[in-house]
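Colleague: fold the following for me, if possible:
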Amino acid sequence: MAKHRARDDEHSALGDSKNSDGFVKRHRKAFIACTCILVLPIVLIAAYVLVLNSSLKNIDRISIDTSHDSRPADDSGENILLMGVDQGNKVFDGTIEFNIAADSKRTVWPADKYHSDTMMIVHLSKDRRDISIVSIPRDSYVDVYDADGDKTGKNRVNEALTQFGPSAAVTTIERLVGLRIDHLAMVDYQSFEAITDALGGVNVYIPETVYYENSPRVAWQQGDLKLDGKAALAYVRERKKLPNSDYSRIRRQQNFLRAALAKLKSNGTLANPGRLKGTLDAVTKNLAVDEGWSGSDIRGLAFSLRGASGSDIPFVTLPIDGYSHMIDGIGSIVMPDMPKIAELTKAIRSNRVDHFIEKYPKQGLEDETKVR
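Modeller: Okay, the predicted model is just below:
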């Protein structure tokens with residue numbers, strides 16, 4: 001009886017094995033498909049991380065010190081100061097290299113060597129689901145602080161970098177907007193060309209045809225225009241031909257960034273490791289960030305923001321309260337509207353910048369067809 005039961009168990013086991021093998025054979029394609037579905041994301045993530053790790057090695061590191069007192073309270077999100085940097089007005093000997101990362105480590109900052117016309121604060125919520133970008137007019141007449149956090153007097157906000165360096169720029173902007181800057185990123189204006197070309201060009205809409213002065217040549221033809229690197233640099237730097245000078249230039253810079261983010265998401269760059277590496281290399285070779293911003297933090301930020309699109313991000317310009325052609329010998333300045341800035345700061349902290357723009361529509365970035 002026991003032998004019979006054992007034989008039945010043996011046959012049952014053999015039968016189960018055969019049935020199992022038969023099931024696998026019959027559903028082999030399904031098994032392969034399921035395996036691919038499970039493994040493919042892992043492979044893509046691994047490739048993405050490898051590309052990031054490789055490109056992050058290119059980034060220069062800026063030395064900054066903001067350890068002084070009276071910094072704004074930290075909020076639950078993350079604030080990144082982006083600055084576009086070019087050569088200042090002072091003419092230097094040809095042997096002096098323009099390298100802001102190296103110059104930030106000098107005992108004495110080389111005043112007038114660098115200049116910034118573009119300053120943006122990128123705010124991310126703690127869960128990184130909400131992003132907002134705030135542009136700061138370069139001619140904002142503010143209290144300027146030096147690298148030690150001491151007030152030096154009033155001047156244009158961009159003079160903090162020019163005269164005292166990156167640490168001073170961070171402190172001055174922190175005191176102006178009431179937000180703690182967690183990280184600093186600086187990019188050379190010329191890198192716009194390399195980044196734009198790596199993306200395969202960026203499309204913007206030109207609402208009206210613009211002509212060069214004293215020339216029949218057309219500079220910008222009305223309609224959709226694909227900008228290569230050189231054209232992109234001209235687009236974001238132009239102000240003299242624009243109706244509101246630097247304020248209009250800010251709109252163009254925001255519009256270009258919005259279009260570039262849309263292009264980055266739409267052309268498959270983020271899903272293609274090969275194409276991604278080319279774009280990342282173009283960015284990182286022309287980028288310098290603060291020494292405290294670790295590679296793992298940058299990698300985590302990049303990974304979490306892969307799905308971000310320019311259309312999802314509210315762009316806003318720091319409120320101003322009038323213009324002046326001359327104060328204390330300083331020409332062409334704008335006066336910050338401090339009550340509205342306080343409102344904006346509150347909106348940033350609570351991730352409600354869109355509500356601020358609803359209340360003050362002129363502070364937000366208009367539709368792309370209206371950006372002149």
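
Colleague: low-confidence stretches in the stretch 201-350 of the chain?
Modeller: For the stretch 201-350 of the chain, the stretches flagged by pLDDT under 70 are 211-219, 267-275, 305-311.

Colleague: switch to 50 and redo it
Modeller: Along the stretch 201-350 of the chain, no part satisfies pLDDT under 50.

Colleague: quick one, strands of it?
Modeller: 202-206, 210-211, 218-220, 223-227, 287-290, 315-317, 320-327, 330-336 (DSSP state E, counting those that start in this stretch).

Colleague: out of these, the one nearest residue 125 is which?
Modeller: Taking Cβ to Cβ, strand 315-317 is the member of those nearest to residue 125, at 15.5 Å. Bear in mind the C-beta positions are built from the backbone N, C-alpha and C, glycine included.

Colleague: now tabulate the strands of the stretch 201-350 of the chain in CSV and tack on mean neighbour count and distance to residue 246.
Modeller: Output for the strands of the stretch 201-350 of the chain, formatted as CSV (neighbours: other Cβ atoms under 10 Å; distance: least, Cβ to Cβ, whole Å):
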stretch, mean neighbour count, distance to residue 246
strand 202-206, 19, 19
strand 210-211, 14, 17
strand 218-220, 16, 18
strand 223-227, 15, 20
strand 287-290, 23, 24
strand 315-317, 22, 10
strand 320-327, 12, 10
strand 330-336, 18, 8
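
Colleague: can I get those in JSON lines with distance to residue 194?
Modeller: As requested, the strands of the stretch 201-350 of the chain are exported to JSON lines (distance: least, Cβ to Cβ, whole Å):
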{"stretch": "strand 202-206", "distance to residue 194": "13"}
{"stretch": "strand 210-211", "distance to residue 194": "25"}
{"stretch": "strand 218-220", "distance to residue 194": "22"}
{"stretch": "strand 223-227", "distance to residue 194": "13"}
{"stretch": "strand 287-290", "distance to residue 194": "11"}
{"stretch": "strand 315-317", "distance to residue 194": "23"}
{"stretch": "strand 320-327", "distance to residue 194": "33"}
{"stretch": "strand 330-336", "distance to residue 194": "31"}
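
Colleague: flag every buried residue along stretch 76-86.
Modeller: Going by neighbour count (16 or more other Cβ atoms under 10 Å), the buried part of stretch 76-86 is 77, 78, 79, 80, 81, 82, 83, 84, 85.

Colleague: show me the contacts for residue 117.
Modeller: 84, 86, 138, 158, 237, 246, 249 (Cβ atoms under 8 Å, 6 or more residues apart in numbering).

Colleague: for residue 257, state which of those residues is nearest.
Modeller: Once Cβ to Cβ is applied, the member of those that ends up nearest residue 257 is residue 84, at 10.8 Å.

Colleague: sticking with the closest one, tell me its helix or strand.
Modeller: Here residue 84 sits within strand 78-87, counting by DSSP states H and E.

Colleague: who touches whichever helix or strand comes after that strand?
Modeller: Downstream of strand 78-87, the next assigned helix or strand under DSSP H and E is helix 100-103. Contacts with helix 100-103, where a contact means Cβ under 8 Å, 6+ apart, come from 60-63, 85, 109-110, 113-114, 165-166, 186, 288.

Colleague: strands paired with the helix or strand following helix 100-103, and their directions?
Modeller: Next in sequence after helix 100-103, counting helices and strands by DSSP H and E, comes strand 114-124. In the sheet, strand 114-124 lines up against strand 78-87 (antiparallel), strand 131-135 (antiparallel) (DSSP bridges).

Colleague: re earlier: and the strands of the stretch 201-350 of the chain: which comes nearest residue 182?
Modeller: Across those, closest to residue 182 is strand 287-290 (Cβ to Cβ), at 9.0 Å.

Colleague: against which helices or strands is that closest one packed?
Modeller: The criterion is 3 or more Cβ pairs under 8 Å, 6 or more residues apart in numbering; DSSP states H and E, and the helices and strands that strand 287-290 contacts are strand 60-62, strand 183-188.

Colleague: ok, back up a step: filter the contacts of residue 117 to the buried ones?
Modeller: 84, 138, 158, 237, 246, 249.

Colleague: farthest pair within those?
Modeller: Maximum pairwise distance in the buried ones among the contacts of residue 117, criterion Cβ to Cβ, is 14.2 Å, between 158 and 237.

Colleague: how far does stretch 100-115 stretch from start to finish?
Modeller: Stretch 100-115 has an end-to-end distance of 11 Å (criterion: Cα to Cα, to the nearest Å).

Colleague: pull out the buried residues from that stretch.
Modeller: Neighbour-count burial for stretch 100-115 [16+ other Cβ under 10 Å]: 100, 101, 103, 104, 109, 110, 113, 114, 115.

Colleague: wait, which of the strands of the stretch 201-350 of the chain is closest to residue 265?
Modeller: Shortest separation from residue 265 across the strands of the stretch 201-350 of the chain is recorded for strand 202-206, at 12.4 Å, computed as Cβ to Cβ.

Colleague: paired strands for the closest one, with orientation please.
Modeller: Checking strand 202-206 against DSSP bridges gives partners strand 223-227 (antiparallel).

Colleague: list the contacts of the partner strand.
Modeller: So strand 223-227 is in contact with 196, 201, 202, 203, 204, 205, 206, 231, 235, 256, going by Cβ under 8 Å, 6+ apart.

Colleague: so what's the closest residue to residue 338 other than its chain neighbours up against?
Modeller: In this structure, residue 338 finds its nearest non-sequential neighbour in residue 321, 7.9 Å apart by Cβ to Cβ, 6 or more residues apart in numbering. Residue 321 makes contacts with 335, 336, 337, 338, 340, as judged by Cβ under 8 Å, 6+ apart.

Colleague: I'd like to know how far the closest residue to residue 69 other than its chain neighbours sits from residue 157.
Modeller: Closest residue in space to residue 69, ignoring its immediate chain neighbours: residue 149 at 7.3 Å, by Cβ to Cβ, 6+ apart. Distance, residue 149 to residue 157, using Cβ to Cβ, to the nearest Å: 16 Å.
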